[in-house]
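# sequence below, structure please.
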Amino acid sequence: MTLFSHASRVFGVLLLCLLWACTKDDTPAPAPPPAPAPPAPQPSTAQPPASPSQPAQAPPSTALAPTPTAAAPDLKLVPPPNLSGLEPTVADQLKAAYESLSTALTNKDLAPQELSESYGMMGQLYHAYQLFEAALLCYDNALQLAPQNFSWRYARADILRQQGKLPEALADYEAACAAQADDVACLIRQGRARLETNDAVKAQELFARALTLNPNAAAAHEGLGQVTTMQGQHQDAVKHFEAALALVPAANRLHYELSTAYQKLNQPEKAKTHLDQRGTVGIKVVDDLTEQLEALVRGERIAILRGRLAFQAGRYDDAAAQFTKATEAEPQSVTARVNLAAALVQLGQGTPAVQQLQEALRLQPLNGAAHYNLAVLLLQKPEGRPDAIRHFRAALVTDPTDRQTHVQLANALRQQGEVDDALIHAMKAADLDPSDETVLRWTADLLVQRGYFIEARKRLEDAHQRFPDRGITASALARLLAACPDPTLRDGKRALDLAQRVFKAANSMQHAETVVLAFAESGQCQEAAKWQQQLVTAAEKQIEKATEQKEKGAEVLKRLKTELARYEKGSPCRPPVAEKKK
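Next up is the predicted model:
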């Protein structure tokens, strides 16, 4: 999951992602922490798939107009494909993709991330068939909707470079490579673009870094050979070209480079030997983008497109049937299996879904979406939590900045009692989206459990200042100000003001208990006792009506009565001070 994005996260009760158009790693997720280096791209002599002649595009006036949003006010019109003169399979593929995009555009409940995936998929299809202008429109829209999805930025850079728009391409490559510092293919592609601008110094740095990460990266050797040729260091150039040729013997275009270098070194016999072997096969940088674009011309992609369309329409039987067709057409298709699993979950077929995800991981052990979805399924049973945690961790290896995976992992670790690890992932999730109140509350609670009271208060104060009308944040801050184990951080008066305003907005036992704590911290023991008595009475009534968990209710009631007795004794009745946990 080198650089990719999650498609639809929430389907029914389960949080599952559907693989849609993930550029770098053919997996969604959810994108974008330092991670182990992804598998280095292996050199290949295979040539790119032949592209059909470019079909004419329909006039922009026939394009479906997107609805601008506050987050993406400048979405562009995307032209539908002109299907005349195309092979039936290609026409069918483009038509299905555009129908899916049209469906997404009319779905007012679709999240920006999901709409971004739809635009990105359409962009990839246009990209695969070299309809570059339309592809750029799609990628531009996808990035407006999901700016942190560097997969679309990486794909856009590929087109911009092919069009000779090198400054724009380099800006996208730099952003994509910065997000994945260990991505060898990204470094090589950026290095090649740098060479095309005659920036040998920067290109050399990029190729050298790629070679450090993967000493067998033939394309990096080739790039360093070209750099040293530009610098007049022909002996070094020979060393790198020979190394590249040894790794990819079929890359006969290197013979021309070697012939030129040997001529400069005044070794005519070697120069002639290589000149006689020269050819047109170069070293292709194989990465997830390349594989994804090539996969788009394979038969299973039509079934995947139709399955996605059915899935978006809630026709899960049809979606499962199409995804099954895709697996039959291409048994090695990880995308088809992950999508089939998502459809099976919607049909209540959890066990077959798990089997599909396990097979996907057998085929592609670093598929982040498969790890994430399998983890979510395993969490449905308490005994599955340890394995779920393992799969969430694996998903983060491939996309360490995926917020939703951090959220899920933090929650699972919290339930498992692994407070330190839970805190790490909760803080990362909170930093990635400070507006998520639930994660903020978890983070503050975990910080308090570990004794980091100052940091807990700071995070709650900052959040309350940004979002003063949010009840969960105000309630958590009020409780900490009233009952922080470190008494120097308490502020009873402010806690009482916050707690009473929250209770007035949302009358609940939890908020009432915060009011009690604030009264106690403020020294108003009689008021605390009065409110606490109401809590005791309410708890007794709940136990009388309860049919389940009466034992747990009895424990809560016992605690409430103990606290009531403390308040009834009068001052001092402040919440007890606890020692900082080590």
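# nearest spatial neighbour of residue 437, skipping sequence neighbours?
The spatial neighbour of residue 437 that comes closest, neighbours along the chain excluded (Cβ to Cβ, 6 or more residues apart in numbering), is residue 472 at 4.3 Å. All C-beta spots, glycine's among them, are computed from the backbone N, C-alpha and C.
# wait, residue 190
Leaving out its chain neighbours, the residue that sits closest to residue 190 by Cβ to Cβ, 6+ apart is residue 173, at 3.9 Å.
# the one you found: neighbouring residues, count only.
By the measure other Cβ atoms under 10 Å, the count of residues near residue 173 is 27.
# tell me what the host helix or strand of it is packed against?
In the assignment (DSSP states H and E), residue 173 maps to helix 166-179. Contacts defined by 3 or more Cβ pairs under 8 Å, 6 or more residues apart in numbering; DSSP states H and E place helix 166-179 against helix 150-162, helix 184-196.
# name the helices or strands packed onto the last one?
It refers to helix 184-196. If you count contacts as 3+ Cβ pairs under 8 Å, 6+ apart, helix 184-196 packs onto helix 150-162, helix 166-179, helix 200-213, helix 218-230.
# what do you get if the cut-off is 6 Å, keeping everything else the same?
helix 166-179, helix 200-213, helix 218-230 (3 or more Cβ pairs under 6 Å, 6 or more residues apart in numbering; DSSP states H and E).
# same thing with the first one?
Using 3+ Cβ pairs under 6 Å, 6+ apart as the contact criterion, the neighbours of helix 150-162 among helices and strands are helix 132-145, helix 166-179.
# quick one, which of the ones you listed is packed in tightest?
Among these, ranked by average contacts under mean count of other Cβ atoms under 10 Å, first place goes to helix 132-145 (a mean of 23).
# quick one: it to helix 166-179, angle?
Between the axes of helix 132-145 and helix 166-179, defined by axes from the mean of the first three to the mean of the last three Cα atoms, to 10 degrees, the angle is 40 degrees.
# residues in contact with helix 132-145?
With contact meaning Cβ atoms under 6 Å, 6 or more residues apart in numbering, helix 132-145 is reached by 57, 72, 75-76, 78-79, 112, 115-116, 119-120, 122-123, 126-127, 152, 155-156, 159.
# related to what we said a few turns ago, can you redo the helices and strands packed on helix 184-196 as TSV with mean pLDDT and distance to residue 375?
As requested, these are exported to TSV (pLDDT from 0 to 100; distance: least, Cβ to Cβ, whole Å):
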stretch	mean pLDDT	distance to residue 375
helix 166-179	93	23
helix 200-213	96	28
helix 218-230	96	35
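# of all the ones you listed, which one comes closest to residue 432?
Closest of these to residue 432 is helix 166-179, at 13.0 Å (criterion: Cβ to Cβ).
# ok and that closest one relative to helix 184-196, angle-wise?
150 degrees.
# got the angle between helix 166-179 and helix 150-162?
Going by the same axes, to 10 degrees, helix 166-179 makes 150 degrees with helix 150-162.
# ramachandran angles for residue 78?
When read as degrees, to the nearest 10, the backbone of residue 78 gives phi -110, psi 120.
# partners of it in the sheet?
Taking DSSP bridges, one obtains residue 64 as the residues bridged to residue 78.
# and the helices and strands packed on helix 150-162 as JSON lines, adding distance to residue 445?
Below are the helices and strands packed on helix 150-162 laid out as JSON lines (distance: least, Cβ to Cβ, whole Å):
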{"stretch": "helix 132-145", "distance to residue 445": "33"}
{"stretch": "helix 166-179", "distance to residue 445": "31"}
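# out of these, which gets nearest to residue 226?
helix 166-179 (15.8 Å).
# how near is residue 340 to residue 304?
Distance, residue 340 to residue 304, by Cβ to Cβ, to the nearest Å: 10 Å.
# more neighbours: which of these two?
Neighbour count, other Cβ under 10 Å: between residue 340 and residue 304, residue 304 has more, with 33 against 30.
# in this protein, which spans are strands?
10-11, 14-15 (DSSP state E).
# quick revisit: how big is the angle separating the helix holding residue 173 from helix 200-213?
30 degrees.
# other residues contacting helix 166-179?
32, 150, 153-154, 156-157, 160-161, 186-187, 190, 193, 196-197.
# number of nearby residues for the nearest residue to residue 514 once chain neighbours are set aside?
Leaving aside its sequence neighbours, residue 514 sits nearest to residue 499 (Cβ to Cβ, 6+ apart; 4.4 Å). For residue 499, the neighbour count with other Cβ under 10 Å is 27.
# how about residue 499, what does it touch?
So residue 499 contacts 478, 514, 515, 518 (Cβ under 6 Å, 6+ apart).
# shouldn't the last one be in contact with residue 481?
No - checked against Cβ atoms under 6 Å, the pair residue 518 and residue 481 is beyond contact range at 7.6 Å.
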